[in-house]
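Q: sequence-free structure coming up:
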């Protein structure tokens, strides 16, 4: 089954056995009747499993070419479950440019539990070797990175992880399985903030993990059940519905993203444009090899690194909405230094390129002429 078909049918039963419903019903129930203790039809209590959530989890596994999917209450809840595979004294190697919420979870929660995190540049995967020791248990990759659009070679990271018997987890939120499938490149775990492109309509918060290995899946399911950070059936239904149009939406996100990136590059008031589709983008060759297109996420800076100028631009946009998040059908603009990445100390932010003039765009599926006209009037 090819990807476009998987988004609609992957992991799904033909029809609901009760009444023939084409879409999996929303099983809005907390518990299930039993004929005798332990005598049930596959579900006992909805924290442990729910038919609507299970339908989503099977679909997630299908589109990521995995075997087991797990759905959580948010992307951070999914990341939290991965870190709970570790224990005090373990070490994690992570990219030095990643979502601010991930950084906050790592540094403000899990460092207090005795887990050490190394935030390093991963554009050259060989750099990872310099930080590996006997306590290293996990490599955490985000590619493209948020918000600098750095590209990390997943296959090269997988080779290093395999060599040292370390887990490799990849945050695939920006790319989605439409653009890249990290499990096929050797990753052990794929993570999504399904709030973004998978849901696709800015109306749900949900996280996901996908793995191939049953033993690892069983461990993560035990954490999911014990910790209870699950998503509800309504949210599961919304993401399952969103995935059905993922391939259609991503095609337009990529088309519009390319046009916006080239417009910004040609604008004399713009200093830098960060988009992996440019041939001079660092690791563009890697992006071409591991991605099927370059996505709809773009970051840029204005000339002079002027904070006030950046704020003026995002406030003056009319079609692009100034808001957190990304990946919806509507175009969004954000100021990472004061929004998504405010929890990272300024010195660390700026070392990775998150300067005060940086603006991040999530290019939606509107008419491209309207989007460019909106940027033109806002930039002035």
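A: Okay, I see it. From a predicted model like this one, the values you see are computed outputs, not experimental measurements.

Q: now the helices for the stretch 51-200 of the chain?
A: 51-63, 75-83, 100-104, 154-163, 176-179 (DSSP state H, counting those that start in this stretch).

Q: Compile those into TSV and extend it with columns for mean neighbour count, distance to residue 264 and mean pLDDT.
A: (Each C-beta comes from the backbone N, C-alpha and C, glycine too.) Output for those, formatted as TSV (neighbours: other C-beta atoms under 10 Å; distance: least, C-beta to C-beta, whole Å; pLDDT from 0 to 100):
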stretch	mean neighbour count	distance to residue 264	mean pLDDT
helix 51-63	24	31	98
helix 75-83	23	27	98
helix 100-104	19	23	95
helix 154-163	19	27	98
helix 176-179	24	21	98
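
Q: what about those, which gets the closest to residue 344?
A: Nearest to residue 344, of all the helices of the stretch 51-200 of the chain, is helix 100-104, at 5.4 Å by C-beta to C-beta.

Q: which residues sit against the closest one?
A: Outside of helix 100-104, the residues within contact range by C-beta atoms under 8 Å, 6 or more residues apart in numbering are 75-76, 79, 94, 119, 140, 142, 171, 336, 340-344.

Q: And residue 93, how far from residue 168?
A: Separation of residue 93 from residue 168 (C-beta to C-beta, to the nearest Å): 10 Å.

Q: Same question for residue 158.
A: Taking C-beta to C-beta as the measure, residue 158 falls 5 Å from residue 168.

Q: same thing with residue 127?
A: Per C-beta to C-beta, residue 127 is found 15 Å from residue 168.

Q: dump the residue contacts of residue 90.
A: 115-116, 135-138.

Q: between the residues you listed, which has the most around it?
A: Within the contacts of residue 90, most neighbours by other C-beta atoms under 10 Å means residue 138, with 22 neighbours.

Q: That one and residue 165 touch, don't they?
A: No - contact between residue 138 and residue 165 fails when scored by C-beta atoms under 8 Å: they sit 11.4 Å apart.

Q: Report the contact partners of residue 3.
A: 63, 177-178, 247.

Q: Now residue 281. Nearest residue, chain neighbours left out?
A: residue 275 (6.7 Å; C-beta to C-beta, 6 or more residues apart in numbering).

Q: ok, now residue 238?
A: Per C-beta to C-beta, 6+ apart, closest to residue 238 is residue 204, 4.3 Å.

Q: about what we covered before: pick out whichever of residue 127 and residue 168 has more residues nearby.
A: Neighbour count, other C-beta under 10 Å: between residue 127 and residue 168, residue 168 has more, with 25 against 13.

Q: sorry, back to before: which neighbours do residue 93 and residue 168 have in common?
A: Residues touching both residue 93 and residue 168 by C-beta under 8 Å, 6+ apart: 138-139.

Q: Now residue 285: which helix or strand?
A: Applying DSSP states H and E as the criterion places residue 285 in helix 284-290.

Q: can you pull the buried residues of that helix?
A: Neighbour counts over helix 284-290 (16 or more other C-beta atoms under 10 Å) mark 284, 286-287, 290 as buried.

Q: After that helix, which helix or strand is next?
A: strand 297-302.

Q: Show me what that next one is packed up against.
A: When contacts are defined as 3 or more C-beta pairs under 8 Å, 6 or more residues apart in numbering; DSSP states H and E, strand 297-302 sits against helix 246-266, strand 270-274, helix 307-316, strand 358-362.

Q: before we move on, back to that, may I see the ChimeraX selection of the buried members of the contacts of helix 100-104?
A: Buried residues among the contacts of helix 100-104 (16+ other C-beta under 10 Å), as a ChimeraX selection:
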select :75,76,79,94,119,140,142,171,336,340,341,344
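
Q: As TSV, the contacts of helix 100-104 with distance to residue 196 would be great.
A: Shown next, in TSV, are those (distance: C-beta to C-beta, whole Å):
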residue	distance to residue 196
75	8
76	13
79	14
94	20
119	22
140	18
142	13
171	11
336	15
340	12
341	16
342	19
343	19
344	20
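
Q: out of the contacts of helix 100-104, who's nearest residue 209?
A: Nearest member of the contacts of helix 100-104 to residue 209, counting by C-beta to C-beta, is residue 79, at 8.8 Å.

Q: contacting residues for the closest one?
A: By C-beta under 8 Å, 6+ apart, the residues touching residue 79 are 102, 105, 171, 191, 207.

Q: likewise residue 360?
A: Residue 360 neighbours (C-beta under 8 Å, 6+ apart): 146-147, 297-299, 326, 333-336, 340.

Q: Tell me which of those residues has the lowest pLDDT.
A: On pLDDT alone, residue 340 ranks lowest of the contacts of residue 360, at 85.

Q: Name the SS class of that one, please.
A: Following DSSP: H, G, I helix; E, B strand; the rest coil, we place residue 340 in the coil state.

Q: phi, psi of it?
A: The phi/psi pair for residue 340 (degrees, to the nearest 10) reads phi -70, psi -20.

Q: For it, which non-adjacent residue is spatially closest?
A: Distances taken as C-beta to C-beta, 6+ apart place residue 100 nearest to residue 340, at 5.1 Å, with adjacent residues excluded.

Q: quick revisit: out of the contacts of residue 360, who has the most neighbours?
A: Highest neighbour count within the contacts of residue 360: residue 147, with 30 neighbours (other C-beta under 10 Å).

Q: can you list the domains in this structure?
A: 3-243, 246-379 (automatic domain parsing).

Q: Between the two ends of the last one, how far is it?
A: Using C-alpha to C-alpha, to the nearest Å, the end-to-end distance of domain 246-379 comes to 31 Å.

Q: any residues in contact with both of residue 158 and residue 168?
A: Common neighbours of residue 158 and residue 168, counting by C-beta under 8 Å, 6+ apart, are 186-187.

Q: Thanks a lot, catch you later.
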